[in-house]
Structures are given as C-alpha cells and as structure tokens.
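# here you go, sequence then predicted model.
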Amino acid sequence: LCRKWEGGDPGVANQKTPTSLLLTPEGVFHSFGYTARDYYHDLDPEEARDWLYFEKFKMKIHSTSDLTMKTELEAVNGKKMQALEVFAHALRFFKQHAVQELKDQCPSLPERDAIRWVITVPAIWKQPAKQFMREAAY
C-alpha cells in the first residue's frame, strides 16, 4: 500500500520507523516517526521543553503489568498523558496516511464504509494490551 514511508536515515534501507510521536505544547498532533524525531531534535532546547515528545511507547503497553485504560505515558519533558490518547493520535495518523495513499491510487474511492480496518498486535501481547489497542482504535 505505502509506496515509500517518508523520512528515514539516508542510505539505510528497510529500517523500521521509530515509534516516536510529537505533540505541540497545546497537546495537538504534530508528527510521527522520523519526522517527529527530527523536528523535535531540531527545536531550540528552551522551546523543546514545552513540546510533548514520546518515543518507544509501543512496547510500554506490553511491559506494563498493571495496564488499564487510565495508564499514563511520560513525555521526554516529564509531562504525563494518558497512554490511550497517545495511541489514538498514532492510529489516527496511520489511518489518514493509509486513506491518502488509497485516494492517490484510486480517486473514486468512496469516503465512507469502503475500508475494513484491521489492527494487528504482537502475538506476545496479553489480553489487557489487546483490549487497550481496541479502545485506542475506537
């Protein structure tokens, strides 16, 4: 589906996109993956303190033994946000990215009810983590 994932390090093929998410100081989605990582690291250090940058957050869901819908994640600046909200931002980004790719390849694609969404999770994830992803997707 996705012809080429944006970003990445020059000269490195087949590199997995980092699980990095950047929100503005107001908590609005800014970017994901390499774009988020690079933009955050290019910010002036004084300004960067106000931005919410989350990295490697996917496996925290697997490794948190007492995971609930209220579990929080800590941004690099120490501010906390509900993990459910962070994952919802990421899933919304993926959805928009996928829909845009489909529209580019098939301009007559109907807006609604044309896509059946399937989210896969690592097989090692336990039931609470699977339920968490289901809730984030909703």
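Done, it's in. Numbering: from 1, shown residues only.
# ok, now how distant is S65 from L109?
According to CB to CB, to the nearest Å, S65 stands 42 Å off from L109. Every C-beta, even on glycine, is put in place using the N, C-alpha and C of the backbone.
# what of L43?
37 Å.
# using PDB, write out every CA atom in the helix or strand of the chain with the lowest mean pLDDT.
Lowest on mean pLDDT, DSSP states H and E among the helices and strands of the chain sits helix 58-63, with a mean of 83. The C-alpha trace of helix 58-63 is given here as PDB (Å, rounded to 0.1, in the frame of the first residue of the first chain):
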ATOM      1  CA  LYS A  58       4.600   0.800  21.800                       C
ATOM      2  CA  MET A  59       6.300  -1.800  24.000                       C
ATOM      3  CA  LYS A  60       5.400   0.000  27.200                       C
ATOM      4  CA  ILE A  61       1.900  -1.300  26.700                       C
ATOM      5  CA  HIS A  62       3.300  -4.800  26.600                       C
ATOM      6  CA  SER A  63       5.700  -4.300  29.500                       C
END
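# follow-up on the earlier one: which of S65 and L109 has more neighbours?
Taking S65 and L109 together and counting by other CB atoms under 10 Å, L109 has the greater number of neighbours (12 against 7).
# what sits against the more buried one?
L102, K103 (CB atoms under 8 Å, 6 or more residues apart in numbering).
# what helix or strand does it sit in?
Using DSSP states H and E, L109 falls within no helix or strand.
# what pairs with the helix or strand that the least confident helix or strand of the chain is followed by, and is each one parallel or antiparallel?
Next helix or strand after helix 58-63 toward the C-terminus (DSSP H and E): strand 72-74. When sheet partners are counted by DSSP bridges, strand 72-74 sits next to strand 80-82 (antiparallel).
# distance from the partner strand to the middle of the chain?
Here the centre of strand 80-82 is set off from its chain's centre by 14 Å, with CA atoms, centre = their mean, to the nearest Å.
# next: stretch 62-73.
16 Å.
# what does stretch 43-50 give?
Chain-centre distance of stretch 43-50: 21 Å, with CA atoms, centre = their mean.
# this completes my enquiry, with thanks.
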